[in-house]
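*Asks:* here you go, sequence then predicted model.
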Amino acid sequence: MSPRRTATRARPAAAIGPWWVLALVLLAPGALAQQAPPQTMEEEIRAFCGNIADAARDRRYLLQKQELEELQAGVDERIKRLDERSIQYRDWLEKREEFMRVAESQLVDIYKNMRPDSAAQQLEIVPPQVAAAIIMKLSPRLASSILNEMDSTKAAGLTGIIASAAAPDLPEDPT
């Protein structure tokens with residue numbers, strides 16, 4: 001090799017040298033910087049979860065809001081049905097009370113027109129509370145004649161019921 005050839009080769013390298021050095025200086029921090037060690041799976045999972053936390057929270061709030069709205073609609077529907085049933089119950093109760101008033105007055109009239117011995121036989125069969133209620137609606141004279149015709153044990157029981165109804169603040173057993 002001739003010295004001239006080496007000189008020619010050396011020239012272009014020398015001419016490019018300062019640009020090459022400048023390029024290396026500019027690129028060196030990125031090229032020569034140490035790369036971060038690869039993340040572990042756990043770190044990747046944490047980073048992923050951290051990135052989607054706000055979106056997940058917003059979605060969860062939205063789902064909870066929708067669920068609450070559905071529950072509220074169900075509660076509103078149940079309240080509406082309860083109101084309707086309450087109205088129906090009140091209507092039924094008014095009709096029943098009216099029926100009971102009419103039936104009671106007619107029942108008392110029936111026992112008023114019966115003979116005392118027949119009325120006594122009938123009242124011995126019915127429940128004691130019903131018999132006591134009927135006797136209380138009769139005149140004292142008719143009630144006494146019916147009780148006179150009844151079995152003494154049943155008449156005493158009816159008298160006890162009537163007495164306790166007349167004085168509800170007295171204790172049942174005075175001893």
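*Replies:* Received it, and whenever you're ready, just let me know what you need.

*Asks:* what residues are up against residue 162?
*Replies:* By Cβ atoms under 8 Å, 6 or more residues apart in numbering, residue 162 lies in contact with 132, 135-136. For every residue, glycine as well, the C-beta is placed using N, CA and C.

*Asks:* the most centrally placed residue in the chain and residue 69: what is the separation?
*Replies:* For the chain, the residue nearest the mean C-alpha position is residue 75 (7.4 Å; Cα atoms, centre = their mean). Residue 75 sits 11 Å away from residue 69, going by Cβ to Cβ, to the nearest Å.

*Asks:* what is the burial count for residue 43?
*Replies:* Neighbours of residue 43 under the rule other Cβ atoms under 10 Å: 10.

*Asks:* can you tell me how far it sits from residue 81?
*Replies:* 56 Å.

*Asks:* cool, and residue 141?
*Replies:* In terms of Cβ to Cβ, residue 141 sits 53 Å off from residue 81.

*Asks:* quick one: contacts for the residue nearest to the centre of the chain?
*Replies:* Going by Cβ under 8 Å, 6+ apart, residue 75 touches no other residue.

*Asks:* helix or strand for it, which one?
*Replies:* Here residue 75, judged by DSSP states H and E, is contained in helix 41-112.

*Asks:* repeat for residue 164
*Replies:* Counting by DSSP H and E, residue 164 is found in helix 152-166.

*Asks:* flag every buried residue along that helix.
*Replies:* For helix 152-166, the neighbour count (16 or more other Cβ atoms under 10 Å) marks 154-155, 158, 161-162 as buried.

*Asks:* what would those residues look like in a markdown table with pLDDT?
*Replies:* Listed next are the buried residues of helix 152-166 as a markdown table, based on pLDDT from 0 to 100:
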| residue | pLDDT |
| --- | --- |
| 154 | 92 |
| 155 | 92 |
| 158 | 90 |
| 161 | 88 |
| 162 | 86 |
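
*Asks:* which among these gets closest to residue 49?
*Replies:* Comparing the buried residues of helix 152-166 against residue 49 with Cβ to Cβ places residue 161 closest, at 77.0 Å.

*Asks:* not counting its neighbours along the chain, what's nearest the closest one?
*Replies:* Spatial nearest neighbour of residue 161, chain neighbours left out: residue 132 (4.0 Å); criterion: Cβ to Cβ, 6 or more residues apart in numbering.

*Asks:* so that neighbour: helix, strand or coil?
*Replies:* Taking DSSP: H, G, I helix; E, B strand; the rest coil as the rule, one finds residue 132 in the helix state.
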